[in-house]
Each structure stands twice: as C-alpha cells, then as structure tokens.
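Enquirer: 3D, please:
(chains A, B, C, D, E and F)
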Protein chains: 6
Amino acid sequence: MTNERYERGWKKLMEVDGEGGERVISSLEDIAPDVGKYIVEFAFGDIYTREGLNLKQRQLVTIASLTTQGGCEPQLTVHINAALNVGLSPNEIIEAIIHCTPYTGFPKALNSIFVAKRVFEDRNLKISK
Amino acid sequence: MTNERYERGWKKLMEVDGEGGERVISSLEDIAPDVGKYIVEFAFGDIYTREGLNLKQRQLVTIASLTTQGGCEPQLTVHINAALNVGLSPNEIIEAIIHCTPYTGFPKALNSIFVAKRVFEDRNLKISK
Amino acid sequence: MTNERYERGWKKLMEVDGEGGERVISSLEDIAPDVGKYIVEFAFGDIYTREGLNLKQRQLVTIASLTTQGGCEPQLTVHINAALNVGLSPNEIIEAIIHCTPYTGFPKALNSIFVAKRVFEDRNLKISK
Amino acid sequence: MTNERYERGWKKLMEVDGEGGERVISSLEDIAPDVGKYIVEFAFGDIYTREGLNLKQRQLVTIASLTTQGGCEPQLTVHINAALNVGLSPNEIIEAIIHCTPYTGFPKALNSIFVAKRVFEDRNLKISK
Amino acid sequence: MTNERYERGWKKLMEVDGEGGERVISSLEDIAPDVGKYIVEFAFGDIYTREGLNLKQRQLVTIASLTTQGGCEPQLTVHINAALNVGLSPNEIIEAIIHCTPYTGFPKALNSIFVAKRVFEDRNLKISK
Amino acid sequence: MTNERYERGWKKLMEVDGEGGERVISSLEDIAPDVGKYIVEFAFGDIYTREGLNLKQRQLVTIASLTTQGGCEPQLTVHINAALNVGLSPNEIIEAIIHCTPYTGFPKALNSIFVAKRVFEDRNLKISK
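Expert: Numbers count the residues shown, from 1 in each chain, chains lettered A, B, ... in the order given. Below you'll find the model as predicted:
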C-alpha cells in the first residue's frame, strides 16, 4: 500500500525532521518529486518506523553517518535539528560528533561541529557544560 | 599524566573491545607501537571515558561511522564485538546498520552486515526476530 | 501494495542481476532479511523499473558509482555480471571504468578493472579490441 | 605529439563542456596551468575521444562518479551542463542521479539534484514529466 | 602531564598554523572546547612534535590527505597557510596537489588548487614558474 | 610525442615502482592495456617527472593520498615498496602514515600500517626505533 507507507512516513518525517524535512521534500517538488516520495516512503515509512532502535538512537546513528561522509552539511543541518526534536540534548549531539574523531579524523568532525553550532544558535540553545 | 591516561584508556579498552582490542594493540608492537599508545590514550583514555554518552550509544556511533567509511572491515569486526560486550543486542547492531542505508547506500550496509554475521556466528549468537 | 512492489522488484532483479542477485538476497535471510526486501522493493521495484533510462544506461551508472565509492568489490562483481546480462559488452564495461579515471583516480579504477577481469574469465568472455 | 593530443582534447572539451570547460582551464592559468593542460590532453584528448562509449554514455558515467564522490559541486555544474550539451535531456540527467540513491544514499543524490536544478534554471529548462 | 602536552602542542600549533590555528581553537571555545584541547594535545602535542619527518614533510602529507578526503576546504585553508609558514614554497604546495591527481582524480585536485589560489592571493604570493 | 612520453614514463616507473609497477602494467595487458599506457604516460611520464618535488617527497604524498582514500591496499603495497626504492626509510613511511591519523582517523591508518608491515617483512626490513 503505497499510500499507507507514504502516510506513515510523512507522519514520522514530521515527528523527526519537522519543518526542515518538509522544506527538503517541497524543494524537490519541481525537479525530482519522486525522490521526495522515496525519502518519505523508504527512509521514513520503512526505516525510521522500524522497531529495535528508538528515535534518539537513530539520530545518533544518522549524525555519525553524515559526519563521516563529509560534504553533507545541508543534511546535517536538517538532522541536527531532528536530533533536538526527538529529545537529544545539544551536549549529546556534540558528544556524538566528538566520538567520531578517532574514527574519521578532526576535519570532518570540525565541519559537523560548526553546523551544530549554527543550529544551536538558530534555536537559542546553549551547550551546558 | 601520560601514565594515568594510558591506564584509564587501557581499562576502558579492555571493558569495551576486550581481547579484540588487545590484539590490535599488540599487532602494532613491532611496527608502530605509538599508534597503539595513541589508541589507548586518546581514543579510549580521552574519548571513550567522556561523559555525555554511555557505552551503548558510543558503539552505535562507532558502527555508523565505520559502516559509512567503507573499507574498515577489520575495525568493524573489533567494534561489533565491542558493541556486544557493552550490552547492545545483535538485533540493535543490525538495526543500526540498516538505519545507515538511506544515508550511505546498500553496498556499504551489506559489507557491514556480513561482518556482523561472521561475528555473531563466532559467538554463537542468533538474531531474534 | 507491498506485494506488488516486491513482485515487480523481484522480476527486475532476476532480469538484471540474475543468480548473483538471488544469492545476495538469500545470504541476508538469516541476518537481515528486511534489507533483502528493501533491495528488491526499493532498489529494484521502485528505482530500476523507472522509465527515463534503459537498463544498459542504468548499469553504466551503477558501475561508475560503485567504482568511485571504493571498497565495493562484492557489489561490483554482482553488477558487472548484471551489466553483461542486460547487454553491455565487456568492452563497454571496461570503457566505463576507464572513463572514471580522470574523476576518481587510477587506484579505484584498477580495483574495478580487476573485478571485471575475474567476472569475464568466469564467463569465458574476451575483451575484443 | 603533445600538440596533436592537446588540439584533439581542446576540440573535444569545447564540444562537451563548452564555455564551462574553457572557464575551468583559464581559471587555472595563473596558478596551475599544467593541470589545465592535463585536463585537455589526458581527460579530453585521451579519454573522451576513445571509442566504445558515446558522449551521452560518458556523461552518465561522469555524473554518477561526481555524485558519488561528494564535494564536487563545481565539477557537477560543469558536467551537468556538458550532459545537456551532448544531448542528454534534463529528465535523463535527473534519472541518472536518482539511480545512484540505492548505491550512495540520499544525501549525495540531493546535493547533486540541487546542482542540476540550478543548471536547468540558468538554461531555462524544464523537467518534463 | 596534560599541561606539558598542551603547552608543547600549543607552541607547535603556533609555529605551524599560527593565527589560522588559533582561530580554529577559539571558534571551538563555546561549542566544543575539548576538541580544541585534543587538536592541541593530540594532533600537535603528540603527532606534530614527533621525530622522523620534518615540518615541511608533514605539511606535504597533510595537504595530500586533506585534498584526497574532499570537503575539507576550511582545513585546507589553514594547512596551506601552515605549509607556507614552515617554509614550503607556493610552487611545492601546488606540486603536491598536482601529484595527487593520478591517485584521487582532477575534481578534488581542482578544489584544492583553488583554495591554494585564494591563500596565495591573500598573502600576495606568486607562483614562480 | 607519445613514444617519448611513454619511454620517459616507463623509465621513471622502473626507477620508482620497479618490479611491482611492471606487474601492474602487465596484469592490465589482456583486459585494459590502455590503462597501463596511461599510468606510464600520464602518471609517470607527465607527473612523476615534473620538477618541484623530489621522489621522496612524491612518495610521501602518494602514501598519504592512498592511506586517506581507503580500500587501496594493492596500490599501497606497490607504493610502499616504491617509497623504499626511492630512499625513504621504513621509519619515515610509518611516520607519514601516523601523521595522517588526526586527519583521516585510526582505521585507515591501521589498514595502511599493516600493509607496510607486510612489505617490510617481505624485504626483511626492520623499523629502527
């Protein structure tokens, strides 16, 4: 049931990425709308709704994957917002990026930290230390 | 205090990676012993002992980073064992790898799943579904 | 309709990857069967069945993507076989890999060429020059 | 004959990349002119003039390689223009990028799609669906 | 002795990266100060102060690693400045990047060359040919 | 003059890579001989014969680039041999790989160190510490 997957995915997308996710989907509308559909159906309808990991755990995994890939700053912006949306603290997000340094090196960690910095500033959040 | 960092790191390495970690350090002994020292002191003494994320969360991040990089099968073997050591279930490990597919594609996820498969077999573990 | 997507995907998987694809799916059965399901439904049911590019063009794109990623030798084996299955000649496959060298460098191209070499030998094919 | 390779390469560069390629070469003039020379002689004089794949096929391969690498947005701009120059339709270009998603994940595909979007807008092209 | 490592690292950071390095550390202050500390202690206190390679050799290695990774333009800016600080000529820096082309392809080399171009312009340096 | 470039390149390939390089070229003979030709002409005839960096410096750059890419163990084997051929000591080679760790992380450095270990053992070389 494509519709059922889409609806389930859209609901999850709204819960996780919120406005940032909606913006991605709508920015695809006039160029590659099916990619938006696949993100909703596959990434959110199939994957994010799976059991076995909760949404906080999923966002830790997402941040680690995007940090490690490099060159994914727009997606990191969406998913660091998402991490906050599902209840990770700014400190836990930074901690996840720091944890990547021995595995992927400082440059990619720095790029990711500076994305987080901007997201936290936009949301008037402070790292509590 | 180098010694204090090393001791703290070694204790954490044993807790997390156990035998697999010890094997990495000792395999470096006659070629690049300082790299073993840095892994113990920096990766484990500095990073793994930080607060803010528990060891299960850290292993989710590690597995996502290694899966995404590609070409890190030996390190994945060590860290999927480590994930089990710190209390992640086989199912949670596989779930973390599956969660990477929309971000990094099927090929790297498959490579990582087949590493997990071998680790689970070596430890006589079953995925419970 | 999950079943409809799965059936359409399975048919396409058989047409493209044949036995090699079947082996991937069945090797996932006892460790991550849903990943096999997603490969069938999403990669083959959704993507490969799209219009706009024919199967030869799709395999050129696949080979270029896998060559460029690096570390995907098992997937390259499957997809170089697939490229032959859908009618690309050995020469066109090698040509696609050669075309990647200015973009991704010689090392990854060499790794990919040697995978192709083994596939062609297994199928008793000759490069015609 | 260096000159012969250069001339053949320049002619091919003009045919494929046009103005965008000329701009790359001339931007290298006061910093690394030999890299411009190698692009003309090797990438275009040696590789692009080979038989075995036509220019449309070569641009599909190029787009897949650049999409997969990540961080190559300037080169994607040049080569999506080139893809149009050699006769690929906007739809075929987007389709090639979509085909990469199961192999390299959504983030890199999205980055590439948004480059294509800007190129199509600059050329007043519409995706026909 | 953490303090000793930090002091040794800071001195080396100032010698190598100068102002650019100081800016990185201070930009981390309110978001992830420990990452700044690790860069000083580990990257500079432990690694850069090692014997076996001099600073010119270390900067060649750094530039090759950052060029090859891709997506590290901010770090390349710092380290191309650093390469000049430790006595590499603009020509040697460009030469190191050119040497990467057969291994990592033209796109990443071009991205790195254009970073070098901006650094040289900021410092009123000319490539002598 | 293709012949002149090829001859110059071949001579340089023999000087740098020796037998290991010859083996790569001849392994390409029946599958993609032109790639062997391009390695000789472009990588060695054009790039390695450039002035501005000596062969020891070039091998440091090569090792850093291959270590950082990951998945290039066969090429690292050739080029760690080459590094020794042009006069780098085992210690300098290991040092170059260690220098990559803050930039590219421990996993890729470890993979590269273990390649070096095998090369040194094959040549009965010892790291002198």
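Enquirer: look up phi and psi at residue A:125.
Expert: phi -100, psi 150 (degrees, to the nearest 10).
Enquirer: ok, it - contacts?
Expert: By CB atoms under 8 Å, 6 or more residues apart in numbering or on different chains, the residues touching residue A:125 are A:84, A:90. Just so you know, the C-beta spots here come from the backbone N, C-alpha and C atoms, and that holds for glycine as well.
Enquirer: residue A:76 now?
Expert: Counted by CB under 8 Å, 6+ apart, residue A:76 has contacts A:63, A:66, A:67, A:112, A:115, A:116.
Enquirer: packing partners of the helix or strand containing the fifth one?
Expert: This points to residue A:115. Using DSSP states H and E, the element containing residue A:115 is helix A:106-122. If contacts are counted by 3 or more CB pairs under 8 Å, 6 or more residues apart in numbering or on different chains; DSSP states H and E, helix A:106-122 sits against helix A:55-69, helix A:73-85, helix A:90-104, helix E:33-38, helix E:55-69, helix E:73-85, helix F:90-104.
Enquirer: on that earlier part again, redo the contacts of residue A:76 as CSV? Include distance to residue B:34, neighbour count and pLDDT.
Expert: Converted to CSV, these look like this (distance: CB to CB, whole Å; neighbours: other CB atoms under 10 Å in any protein chain shown; pLDDT from 0 to 100):
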residue, distance to residue B:34, neighbour count, pLDDT
A:63, 30, 30, 98
A:66, 31, 29, 98
A:67, 26, 31, 98
A:112, 27, 29, 98
A:115, 33, 23, 98
A:116, 32, 26, 98
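Enquirer: show me which pair in these is furthest apart.
Expert: Distances among the contacts of residue A:76 were taken as CB to CB; the most separated pair is A:66 and A:116, at 11.2 Å.
Enquirer: so how many other residues sit close to the residue nearest to residue A:99 when sequence neighbours are not counted?
Expert: Take residue A:99 and drop its neighbours on the chain: the residue closest to it by CB to CB, 6 or more residues apart in numbering or on different chains is residue B:61, 4.8 Å away. Neighbour count for residue B:61, taken as other CB atoms under 10 Å in any protein chain shown: 26.
Enquirer: so residue B:61 sits right up against residue A:64, yeah?
Expert: Yes: Residue B:61 is in contact with residue A:64 according to CB atoms under 8 Å; the separation is 4.3 Å.
Enquirer: need the overlap of contacts for those two.
Expert: Shared contacts of residue B:61 and residue A:64 (CB under 8 Å, 6+ apart): A:96, A:99, A:100.
Enquirer: let me know the closest of these to residue E:57.
Expert: Distances from residue E:57 to those, taken as CB to CB, are shortest for residue A:100 (27.5 Å).
Enquirer: gap between the closest one and chain B?
Expert: 5 Å (CB to the nearest CB, to the nearest Å).
Enquirer: so who does that residue touch?
Expert: So residue A:100 contacts A:64, A:67, A:68, A:108, A:109, A:112, B:61, B:65 (CB under 8 Å, 6+ apart).
Enquirer: okay if I get these as a markdown table plus distance to residue E:36?
Expert: Shown next, in a markdown table, are the contacts of residue A:100 (distance: CB to CB, whole Å):
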| residue | distance to residue E:36 |
| --- | --- |
| A:64 | 21 |
| A:67 | 17 |
| A:68 | 21 |
| A:108 | 16 |
| A:109 | 12 |
| A:112 | 15 |
| B:61 | 20 |
| B:65 | 21 |
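Enquirer: check those residues and tell me the two furthest apart.
Expert: Counting by CB to CB, the most remote pair of the contacts of residue A:100 is A:108 and B:61, 13.2 Å apart.
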